[in-house]
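J.: Requesting a structural model of the entry that follows:
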Amino acid sequence: MRSNSCTTFIAYLVLAACSSHHGETGAEPDAGRSDSGSLAPEYSPCVADADCETGICVGGSAADDADGVCSAGLLGSWCDEARECSTGYCNGIVCTDGSSGRLCSDAEDCAEGLECIDGPIGGHCSGGTSGEACRKDSDCQSDTCIADAHDVFGAICTDGEVGEACTENAQCIDGHCVGDERGTCRDGAAGTWCDAEDDADCADERCIFDRADGWRCSAGGNGDRCDEQSPCVQGDCIFDREEGLCTDNAIDSLCASDEHCESGRCSVPIPSSLGMCVDGMDGSACDEDADCISSPCVIGAGGVGTCSDGALASACSEDDQCDSMRCAHESFTGIGECTDGALGSFCVESSDCTSELCADVPGRGQCVDGELGSFCWHATDCDSTYCFKTEDADGGVCTSGGAGEPCAFFTDCVSFQCPDGVCD
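T.: Here you go, the predicted structure:
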């Protein structure tokens with residue numbers, strides 16, 4: 001039996017409390033029995049197994065007149081040896097299941113196939129797999145044991161997979177250990193963490209500082225981070241508030257000035273410092289007329305513009321920018337589209353239509369004439385003031401509201417009677 005000072009000390013505390021209680025009457029019952037002579041419950045003092053309801057007396061000995069404590073023998077219960085545990089494993093203090101990470105004194109305290117590895121706070125059962133306790137490389141299935149001050153074991157096994165602990169590049173399968181005293185294996189892909197200015201942490205050997213995300217690996221491709229020491233694969237490294245971005249100079253690529261674009265046109269909306277390369281064709285982005293090949297730059301709210309040739313459906317902000325001399329636009333966006341005002345054309349207000357009537361369709365108005373059978377959205381879109389429209393319809397039709405006309409609600413009818421979907 002392994003001696004256990006913790007168990008014995010607790011037993012003494014229990015016995016002292018019991019002796020003090022019985023001293024009031026002068027009676028001195030047996031250590032393992034209650035006043036009534038019944039068996040003692042768990043945590044009670046005892047000298048032999050027979051004294052306890054559970055049949056387990058830890059640390060007690062009638063021959064040596066040693067006091068012990070009754071134990072249930074369950075996981076976490078007090079014990080001195082394995083026979084006192086229903087789990088079959090005792091670490092000399094409490095019952096355990098012998099699984100990986102459990103405290104142990106020797107290999108007998110651990111399940112089959114596990115070893116007891118000494119550590120800063122005692123031994124731990126270990127199978128030598130990644131993340132388990134170790135003292136030397138041979139304790140690990142991977143033959144790699146690393147010191148880890150952040151772990152209760154003090155040292156752990158690692159397989160070198162991405163996300164596992166490391167202290168040097170050689171311990172990682174991909175060869176990239178990122179971190180100071182206790183690092184993490186990375187694959188070095190673009191966007192992953194890297195140590196400050198340590199290009200060796202990255203597959204493409206580019207470790208770039210990102211104001212928002214810190215030091216990150218970059219592939220040097222279009223839109224990736226760059227600096228003077230780590231240039232781009234192709235194109236230019238342009239700077240935005242001291243942070244570099246790669247651009248390949250093609251259409252829709254980032255730019256800061258015209259020389260960054262193959263087209264010679266860089267549209268930078270106010271107040272941005274970066275824009276995009278544009279081709280200057282009708283419909284492309286712009287911030288000034290020079291960004292457009294042959295048409296003016298129509299600028300809306302927020303300084304965002306569009307090259308427009310004035311044809312129908314082209315962007316506009318004023319009537320004189322349209323061949324039709326009609327520009328339908330919202331005041332809050334500052335930009336709309338050229339329209340001829342014909343029936344079915346886009347409109348924002350009635351003056352955009354030759355009929356002087358614009359159906360206020362959510363998202364996109366439509367010119368209407370209000371006649372029977374024409375499109376409508378509200379009753380006010382119809383001369384008759386009756387617009388038949390079901391709830392799930394994308395629009396309705398003007399009716400007379402008379403007998404025999406279709407209806408969805410009683411208000412669709414002059415008679416205010418709509419039985420079976422037909423006005424009376």
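J.: List the contacts of Asn222.
T.: Residues in contact with Asn222 (CB atoms under 8 Å, 6 or more residues apart in numbering) are 235, 246-248, 250, 253-254. Every C-beta, even on glycine, is put in place using the N, C-alpha and C of the backbone.
J.: quick one: which two of these are the most distant?
T.: Distances among the contacts of Asn222 were taken as CB to CB; the most separated pair is Cys246 and Ala250, at 11.8 Å.
J.: looking at it, Gly55 is touching Asp49, isn't it?
T.: Yes - counting by CB atoms under 8 Å, Asp49 is a contact partner of Gly55 at 5.3 Å.
J.: Now that we have the contacts of Asn222, can you turn them into a markdown table and tack on pLDDT and distance to Ala393?
T.: Formatted as a markdown table, these follow (pLDDT from 0 to 100; distance: CB to CB, whole Å):
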| residue | pLDDT | distance to Ala393 |
| --- | --- | --- |
| Gly235 | 83 | 51 |
| Cys246 | 88 | 50 |
| Thr247 | 89 | 48 |
| Asp248 | 89 | 48 |
| Ala250 | 92 | 45 |
| Ser253 | 90 | 44 |
| Leu254 | 88 | 45 |
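J.: Mind checking which of these are buried?
T.: Those of these that meet the buried threshold are 235, 246-248, 253-254, by 16 or more other CB atoms under 10 Å.
J.: Restricted to strands, list the residues you listed.
T.: 246-247, 254 (DSSP state E).
J.: Let's have the residues you listed in JSON lines, adding distance to Arg102.
T.: Formatted as JSON lines, these follow (distance: CB to CB, whole Å):
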{"residue": "Cys246", "distance to Arg102": "52"}
{"residue": "Thr247", "distance to Arg102": "57"}
{"residue": "Leu254", "distance to Arg102": "56"}
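J.: The worst-scoring helix or strand of the chain on mean pLDDT: what's the following helix or strand?
T.: In the chain, the helix or strand scored least confidently by mean pLDDT, DSSP states H and E is helix 5-22, which has a mean of 34. Scanning forward in sequence from helix 5-22 by DSSP states H and E, the next helix or strand is strand 45-46.
J.: other SSEs contacting whichever helix or strand comes after that next one?
T.: Using DSSP H and E, the helix or strand that follows strand 45-46 towards the C-terminus is strand 57-58. Strand 57-58 is packed against strand 68-70, with contacts defined by 3 or more CB pairs under 8 Å, 6 or more residues apart in numbering; DSSP states H and E.
J.: partners of the strand it packs on in the sheet?
T.: strand 45-46 (antiparallel), strand 57-58 (antiparallel) (DSSP bridges).
J.: Any chance of CSV for those, columns mean pLDDT and mean neighbour count?
T.: Below are those laid out as CSV (pLDDT from 0 to 100; neighbours: other CB atoms under 10 Å):
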stretch, mean pLDDT, mean neighbour count
strand 45-46, 92, 29
strand 57-58, 94, 30
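J.: Using TSV, lay out the ones you listed together with distance to Cys307.
T.: Shown next, in TSV, are these (distance: least, CB to CB, whole Å):
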stretch	distance to Cys307
strand 45-46	94
strand 57-58	88
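J.: Tell me if Cys125 really is in a helix.
T.: No - assignment of Cys125 by DSSP: H, G, I helix; E, B strand; the rest coil gives strand, placing it outside any helix.
J.: how many neighbours does it have?
T.: 26 (other CB atoms under 10 Å).
J.: Apart from its neighbours in sequence, what residue is nearest it?
T.: Cys110 (3.7 Å; CB to CB, 6 or more residues apart in numbering).
J.: ok, now His329?
T.: That would be Gly336: by CB to CB, 6+ apart, it lies 2.5 Å from His329.
J.: so who does the one you found touch?
T.: 315-317, 327-330, 346, 348.
J.: Let's see that with 7 Å instead.
T.: Listed by CB atoms under 7 Å, 6 or more residues apart in numbering, the contact partners of Gly336 are 316, 327-330, 348.
J.: ok, now Cys297?
T.: Applying CB under 7 Å, 6+ apart, the residues near Cys297 are 286-289, 291, 305, 307.
J.: which one of these sits closest to Glu161?
T.: Nearest member of the contacts of Cys297 to Glu161, counting by CB to CB, is Asp287, at 49.1 Å.
J.: Tally up the residues packed near that closest one, please.
T.: Neighbour count of Asp287, defined by other CB under 10 Å: 19.
J.: got a pLDDT number for it?
T.: The per-residue pLDDT reported for Asp287 equals 87.
J.: Check the gap between it and Val304 for me.
T.: 8 Å (CB to CB, to the nearest Å).
J.: and if you look at Gly402?
T.: 50 Å.
J.: Which residue of those two possesses the greater neighbour count?
T.: Between Gly402 and Val304, counted using other CB under 10 Å, Val304 has the larger neighbour count: 18 against 13.
J.: so the more buried one makes contact with Pro269?
T.: Yes - counting by CB atoms under 7 Å, Val304 does reach Pro269; the two are 5.1 Å apart.
J.: Report the beta-bridge partner residues of the closest residue to Cys172 other than its chain neighbours.
T.: Setting aside the residues directly before and after it, Cys172 is nearest to Cys185 in space (CB to CB, 6+ apart), at 3.7 Å. With DSSP bridges as the criterion, Cys185 is bridged to Cys177.
J.: and Cys185, how many neighbours?
T.: Neighbours of Cys185 (other CB under 10 Å): 24.
J.: residues contacting it?
T.: Per CB under 7 Å, 6+ apart, neighbours of Cys185: 160-164, 166, 172, 174, 176-177.
J.: ok, the closest residue to Leu114 other than its chain neighbours - contacts?
T.: Spatial nearest neighbour of Leu114, chain neighbours left out: Cys125 (4.5 Å); criterion: CB to CB, 6+ apart. For Cys125, the contact set (CB under 7 Å, 6+ apart) comprises 98-102, 104, 109-111, 114, 116.
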